[in-house]
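>>> Here is the input, now give the coordinates:
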Amino acid sequence: MSTELSWDPYNTELTKNPYPTYKRLREEAPLYYNEEHDFYAVSHFADIESTLRDKELFSSRHGDILEFIKAKSVMPDSVFIHQDPPKHTAYRALMQRIITPKRMAAVEADIRKLCARSLDPLVGGDRFDFITNLGAEMPMRAVSMLLGIPEKDQEAIRQSVDDRIRTEAGKPLDIEHNKKLQDEALSGFDEYIAWREKNPSDDMMTELLQAEFKDPTGETRRLTRDEITNIVNVIAGAGNETTNRLIGWMGKTLSEHPDQRRDVAKNLALVPQTVEEVLRFEPPGPFLAREVMRDIELHGKKVPKGAVMMLLVAAGNRDERRFVNGDTFNIHREARPHMTFGQGIHVCIGAPLARLEGRVALEEILKRFPDWEVDLDHAVLSSTSSVRGWDSLPAWIGSKPKNATYSVPKAAEPAPAPAPAAAASAEVTLEGTWNVVVKGPTGPQPATLVLERSGDKITGAQTGQGSTSPIADFKKDGNAIYWCNHITKPMKMKVEFKGELSGNTITGKAKAGFMGSYPFTATKA
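Below you'll find the model as predicted:
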């Protein structure tokens with residue numbers, strides 16, 4: 001006797017393997033209603049396709065995530081993925097001029113280098129992790145490279161994106177917390193855009209600053225700063241998560257189908273169709289939502305105006321009405337379009353980049369590691385609101401050795417207390433000249449710091465790269481030293497120095513605005 005049919009997007013047990021439930025939904029309840037969370041869901045490929053194509057009946061004005069639609073969230077017009085025409089049309093037309101297949105293809109060599117940078121240090125080892133060693137690194141660096149975001153800040157951006165889609169296990173997305181994180185992310189992008197405005201380059205952020213478009217009112221103009229900030233935020237988020245999850249699913253699925261993996265390793269021409277089959281079989285975005293704009297009838301049941309319609313993409317991608325033996329992974333199957341990147345006006349604008357990154361990543365993995373076996377006992381499935389994938393997916397290179405064991409690394413032991421500073425540290429005279437060297441991204445950056453005492457305070461100035469500026473907020477607490485320098489060349493920027501005094505030397509980190517933190521050493525002249 002079968003159990004009661006239930007699909008709950010917050011059920012963590014169901015997330016582990018939702019496909020048996022998806023199959024039952026297709027067969028028993030092609031229009032499903034969840035009373036607890038008050039939404040409808042469709043699972044047939046044809047129903048999902050027609051819903052995505054009907055932009056008037058099924059609206060994106062409150063987004064495509066269940067929690068956002070239920071909360072009637074309103075996004076700025078420039079967050080075009082959460083808009084209906086004409087707002088969506090205006091901004092998407094602009095983005096299609098910027099995010100082109102030609103532009104994506106031009107960065108293939110750079111993406112390949114990013115993969116090599118992540119994978120080469122692992123050659124000769126016995127294990128690697130598809131996510132921590134590649135999925136969490138390459139996509140984030142690739143989209144940041146396209147946008148023009150400095151490398152030192154890329155990890156923080158990836159973490160910000162990840163935090164915004166996180167949910168507490170078994171619970172809906174916290175809308176208020178998400179908005180707070182969103183506001184923090186937007187304020188960070190403001191700095192990049194202001195800097196890039198004064199330092200144009202061959203990247204998407206510069207093009208957004210310079211491009212003209214016809215806005216939803218019909219006026220031809222340039223984007224405002226807020227509009228650019230919103231668009232960059234959307235691109236950074238979407239450009240990281242999908243490929244990250246795709247890399248994990250390629251690792252797991254090809255591990256579970258070693259014969260097909262060996263076929264691809266022997267013939268890399270099969271890589272593109274393998275990527276497409278993984279996208280169909282394990283879509284990173286398993287479902288999305290729309291708001292129903294008028295009363296309708298579907299599969300003999302009524303759906304009221306204002307209801308939320310969930311589109312179970314992962315279920316539709318295995319619908320046997322569309323795909324022969326849909327629950328079977330087969331890289332040699334007849335090519336048919338799947339629903340992973342959507343349909344209609346909201347089809348994923350970044351799909352060419354995701355496909356390119358997936359193809360290059362798989363080629364580079366297979367060149368180095370043609371055989372692997374994932375270690376599911378130590379893999380960690382993500383808890384997110386809109387994507388499904390892995391936080392960690394370790395694998396044995398080759399096959400798992402007999403009697404192999406793997407221990408989760410223990411937390412590091414507390415560092416021993418620092419030895420007492422030399423007496424000379426307390427006696428050193430701060431006033432005078434210090435030679436400062438910051439190890440920046442383009443090499444050592446020398447400067448001269450001259451300190452003077454005025455009563456109980458230390459003041460002074462710092463000279464470097466042809467300009468001199470007074471320092472501010474000099475502080476000494478024990479051997480901890482802090483000062484701030486407002487430079488004007490080559491750009492206006494606040495630089496904060498935090499270090500430790502030992503003898504005649506101060507060592508620490510210099511935080512250069514949004515450019516990141518770099519080691520520095522200051523030696524008394």
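
>>> Okay, the closest residue to residue 231 other than its chain neighbours and residue 312: tell me how far apart.
The shortest distance from residue 231 to any non-neighbouring residue, by CB to CB, 6 or more residues apart in numbering, is to residue 78 (5.6 Å). C-beta: built from backbone N, CA, C; applies to glycine. Residue 78 sits 29 Å away from residue 312, going by CB to CB, to the nearest Å.

>>> Give me the more crowded residue out of the two.
residue 312 (27 against 23; other CB atoms under 10 Å).

>>> Got the phi and psi for that one?
phi -80, psi 80 (degrees, to the nearest 10).

>>> and if you look at the one 4 residues further on?
When read as degrees, to the nearest 10, the backbone of residue 316 gives phi -60, psi -30.

>>> ok, it touching residue 41?
No. Using CB atoms under 8 Å as the test, residue 316 is too far from residue 41 to be in contact (10.8 Å).

>>> re the thing from before, can you check my assumption that the residue nearest to residue 231 lies in a helix?
No. Counting by DSSP: H, G, I helix; E, B strand; the rest coil, residue 78 is not part of a helix but coil.

>>> and the longest helix for the chain?
helix 225-256 (DSSP state H).

>>> average model confidence for it?
Confidence over helix 225-256 (mean pLDDT, whole number) is 89.

>>> Would you mind listing the buried residues in that helix?
Residues 227-255 are the ones in helix 225-256 that count as buried (16 or more other CB atoms under 10 Å).

>>> After it, which helix or strand is next?
Once the chain leaves helix 225-256, the next helix or strand it forms, by DSSP states H and E, is helix 258-266.

>>> what packs against that following helix?
helix 225-256, helix 271-281, helix 351-368 (3 or more CB pairs under 8 Å, 6 or more residues apart in numbering; DSSP states H and E).

>>> Tell me which of these lies nearest to residue 210.
helix 225-256 (10.6 Å; CB to CB).

>>> Just the angle for that closest one relative to helix 351-368, thanks.
40 degrees (axes from the mean of the first three to the mean of the last three CA atoms, to 10 degrees).

>>> Off-centre distance for helix 225-256?
5 Å (CA atoms, centre = their mean, to the nearest Å).

>>> orientation of that helix relative to helix 271-281 in degrees?
Using the same axes, to 10 degrees: helix 225-256 against helix 271-281 is 100 degrees.

>>> got the angle for helix 225-256 vs helix 258-266?
120 degrees.

>>> For stretch 312-330, buried residues please.
312-319, 322-323, 326, 329.

>>> Make a markdown table out of these and add secondary structure.
Shown next, in a markdown table, are the buried residues of stretch 312-330 (three-state DSSP):
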| residue | secondary structure |
| --- | --- |
| 312 | coil |
| 313 | helix |
| 314 | helix |
| 315 | helix |
| 316 | helix |
| 317 | coil |
| 318 | coil |
| 319 | coil |
| 322 | coil |
| 323 | coil |
| 326 | coil |
| 329 | coil |
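
>>> With respect to residue 495, which of the residues you listed is nearest?
Closest to residue 495, out of all of these and judged by CB to CB, is residue 313, at 47.4 Å.

>>> quick one, what contacts that closest one?
Neighbouring residues of residue 313 by CB atoms under 8 Å, 6 or more residues apart in numbering: 48, 283, 285-288, 339-340.

>>> For residue 136, state which of those is nearest.
Out of the contacts of residue 313, the member with the shortest distance to residue 136 (by CB to CB) is residue 285, at 17.7 Å.

>>> helix, strand or coil for the nearest residue to that closest one once chain neighbours are set aside?
Distances taken as CB to CB, 6+ apart put residue 387 closest to residue 285, at 5.5 Å, once the chain neighbours are dropped. The three-state assignment at residue 387 reads coil, by three-state DSSP.

>>> Tally up the residues packed near residue 387, please.
17.

>>> circling back: would you tell me which of the helices and strands packed on helix 258-266 gets closest to residue 111?
Nearest of the helices and strands packed on helix 258-266 (CB to CB): helix 351-368, 5.0 Å.

>>> Would you mind telling me which of the helices and strands packed on helix 258-266 is nearest residue 100?
helix 351-368 (7.9 Å).

>>> What mean pLDDT does the next helix or strand after that closest one get?
Moving toward the C-terminus from helix 351-368, the next helix or strand (DSSP H and E) is strand 372-374. Strand 372-374 shows a mean pLDDT of 96.
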